[in-house]
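> Next one to model:
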Amino acid sequence: MDLIFYLGNNDQKLPRFLERLGYAVLGATNNVALPDLISRTNVDLILIDGRALGDVPDMCAFFRSQENTRGIPIVCISPENSSELYEPDIIDKVDIVQAPFSVGTLAGRIATQLRMRKQAGGDELQGTLAEINAALRDHNERFRKELEEARAIQQSLLPRSLPSDERYQLAVSYQPLEEVGGDWYFASVDSDGKLSLQVADVSGHGLSAAFIASMTKLAMTAADKTRPDELLKQMNRFLGPQIPSGRFVTLGGCLYHPSSGKVQWSRAGHPPALVLSRQQGAVRELKGQGFPIGFDEAGRFTLEEDSLAPGDALLLFTDGISEAQNRAMSPYGFERLAAALSRTTPENSASQMLGAILDDFNSFRQDRLLRDDVTLLLVKRLR
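You can find the predicted model right below:
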């Protein structure tokens, strides 16, 4: 079991969340000096909540100066609008999670740092250069095969084509971080002509995330429900006992009624959906309550309702776009995403609207590499 050293406030919500994910958590104690605690403890990752602590750069520098923690990954939760707190040499050594953030993003960053450390072998890799190179070649070949398998699994989950109807248009953008990712989407039409949409984000990446995504798709099919809150409740009941400790799925589900423009929405720990109203010239959020799937077997999910007038649009997305950062460490955020959506014109098709949003997003991030999968699914009402 990986051991995380947590430095933050006295609120136990975050440590309890990490323990729910399968990690052991060690916190600083008032009666033990930090250098003494570090010198006699072998931890796998250091998590610093910069929202509760000051002098974060000095704290990071201290950990890098200690023998036991010199090579240990550090994840730092940074307060909003605090990019100036971090010197360039600190940023290069620390994975910074900018607030506000989702629990899925934080879990993904922690899992990625731990995985990278294990793949590098920590400090335990021994042997000649030839032995090390041979081990790396074997590892790369196994990793390549796993990625091919995961990609095949993931592609089989996505719809081969999007539903079409003279009353609405659909467009999707799917950008996995690696050859495979944790995002997943689906679109289908029921026997009454109602459009069912789902966008999901599995914690983590790679073969295991693709496998859990496959489980999610099967659970959705087995649930045999159309109303989003009922669908999520049934999926959670099926998946709760099956999802491994430390993994979960966030999901947003929508049922759109083309005949009336009615929208029904529920979410399981997922970002809100955005509704563009042409008449009001504004974008509003569809929220709702519900824990991620696999987090609480008895979870409840609220149902939110809205409606689209002709020309209006509904945007579903994963937090890979809202939490992506530019070179100044500022997140793209919901407000920028909503503003990009609102700047589209009534004459734009669904594909053109999505293209305009992505152009704005790519311009904002200034070619900075993505840290998470990015998925957007947009429906525009025509009449």
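> domain ranges for the protein?
Listed domain ranges for the chain are 3-120, 151-381 (source: automatic domain parsing).
> any chance of those domains in TSV, plus mean neighbour count?
Using the backbone N, CA and C atoms, a C-beta is placed for each residue, glycine as well. Shown next, in TSV, are the domains of the chain (neighbours: other Cβ atoms under 10 Å):
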stretch	mean neighbour count
domain 3-120	16
domain 151-381	19
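> Quickly, which of those bottoms out on average pLDDT?
Mean pLDDT values for the domains of the chain show the minimum at domain 3-120, a mean of 80.
> coming back round to it: tabulate the domains of the chain (JSON lines), appending distance to residue 142.
Below are the domains of the chain laid out as JSON lines (distance: least, Cβ to Cβ, whole Å):
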{"stretch": "domain 3-120", "distance to residue 142": "11"}
{"stretch": "domain 151-381", "distance to residue 142": "11"}
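> isn't residue 320 right up against residue 374?
Yes. Between residue 320 and residue 374 there is a contact at 4.0 Å, judged by Cβ atoms under 8 Å.
> what residues are shared contacts of these two?
175, 183 (Cβ atoms under 8 Å, 6 or more residues apart in numbering).
> Residue 115 belongs to a helix?
Yes. Counting by DSSP: H, G, I helix; E, B strand; the rest coil, residue 115 is part of a helix.
> For residue 139, find the nearest of the domains of the chain.
Checking those against residue 139 by Cβ to Cβ gives domain 3-120 as the closest, at 7.3 Å.
> from the chain's centre, how far out does stretch 37-48 sit?
The chain centre lies 26 Å from the centre of stretch 37-48; the measure is Cα atoms, centre = their mean, to the nearest Å.
> if we look at that stretch, which residues are touching it?
2-8, 18, 26, 28-29, 56, 59-60, 63, 66-69, 72-77, 110, 113-114, 117.
> Tell me which of the residues you listed fall in helices.
Residues of the contacts of stretch 37-48 located in helices (DSSP state H): 18, 56, 59, 60, 63, 110, 113, 114, 117.
> Out of those, the closest to residue 378 would be?
Set against residue 378, the nearest of these by Cβ to Cβ is residue 110 (31.1 Å).
> How about the closest one, nearest residue that isn't a chain neighbour?
residue 75 (5.8 Å; Cβ to Cβ, 6 or more residues apart in numbering).
> Enumerate the beta-bridge partners assigned to the one you found.
Residue 75 has these beta-bridge partners by DSSP bridges: residue 47, residue 95.
> Can you name every helix or strand that the helix or strand where residue 335 lies contacts?
Secondary structure from DSSP states H and E places residue 335 in helix 333-342. Counting contacts by 3 or more Cβ pairs under 8 Å, 6 or more residues apart in numbering; DSSP states H and E, helix 333-342 packs against strand 273-277, strand 282-286, strand 313-317, helix 319-322, helix 350-365.
> Would you mind identifying the next helix or strand past the longest one?
From helix 350-365 onward toward the C-terminus, using DSSP H and E, the following helix or strand is strand 374-381.
> got the angle for that following strand vs helix 350-365?
140 degrees (axes from the mean of the first three to the mean of the last three Cα atoms, to 10 degrees).
> Quick one: distance of strand 374-381 to the chain centre.
Strand 374-381 sits 17 Å away from the centroid of its parent chain (Cα atoms, centre = their mean).
> got it, and stretch 99-108?
The chain centroid and the centroid of stretch 99-108 are separated by 7 Å under Cα atoms, centre = their mean.
> What are the contacting residues of that stretch?
By Cβ under 8 Å, 6+ apart, stretch 99-108 touches 17, 21, 51, 75, 77-80, 97, 182, 201, 203-205, 246, 248, 250, 269, 271, 292, 319, 323, 331, 372.
> residues in contact with residue 203?
Contacts of residue 203 (Cβ under 8 Å, 6+ apart): 104, 107, 108, 111, 182, 209, 246, 247, 248, 249.
> Most widely separated two among those?
Between all members of the contacts of residue 203, the farthest pair (by Cβ to Cβ) comes out as 111 and 249, at 14.1 Å.
> doesn't residue 317 make contact with residue 376?
Yes. Taking Cβ under 8 Å as the definition, residue 376 is a contact partner of residue 317 at 4.6 Å.
> so what's in contact with the two at the same time?
Shared contacts of residue 376 and residue 317 (Cβ under 8 Å, 6+ apart): none.
> circling back: out of the domains of the chain, which gets nearest to residue 140?
Of all those, domain 3-120 sits nearest to residue 140, with 10.2 Å by Cβ to Cβ.
> May I see the helices and strands packed on helix 333-342 arranged in a markdown table, with distance to residue 163 as well?
Formatted as a markdown table, the helices and strands packed on helix 333-342 follow (distance: least, Cβ to Cβ, whole Å):
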| stretch | distance to residue 163 |
| --- | --- |
| strand 273-277 | 18 |
| strand 282-286 | 20 |
| strand 313-317 | 14 |
| helix 319-322 | 23 |
| helix 350-365 | 12 |
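> closest to residue 150 out of those?
Within the helices and strands packed on helix 333-342, the stretch nearest residue 150 is helix 319-322; the backing value is 17.5 Å (Cβ to Cβ).
> Can I get the closest one in PDB, CA atoms only?
Output in PDB follows, covering the C-alpha atoms of helix 319-322 (Å, rounded to 0.1, in the frame of the first residue of the first chain):
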ATOM      1  CA  ASP A 319     -12.800  18.200 -16.500                       C
ATOM      2  CA  GLY A 320      -9.800  17.800 -18.800                       C
ATOM      3  CA  ILE A 321     -10.800  21.000 -20.600                       C
ATOM      4  CA  SER A 322     -11.900  23.100 -17.600                       C
END
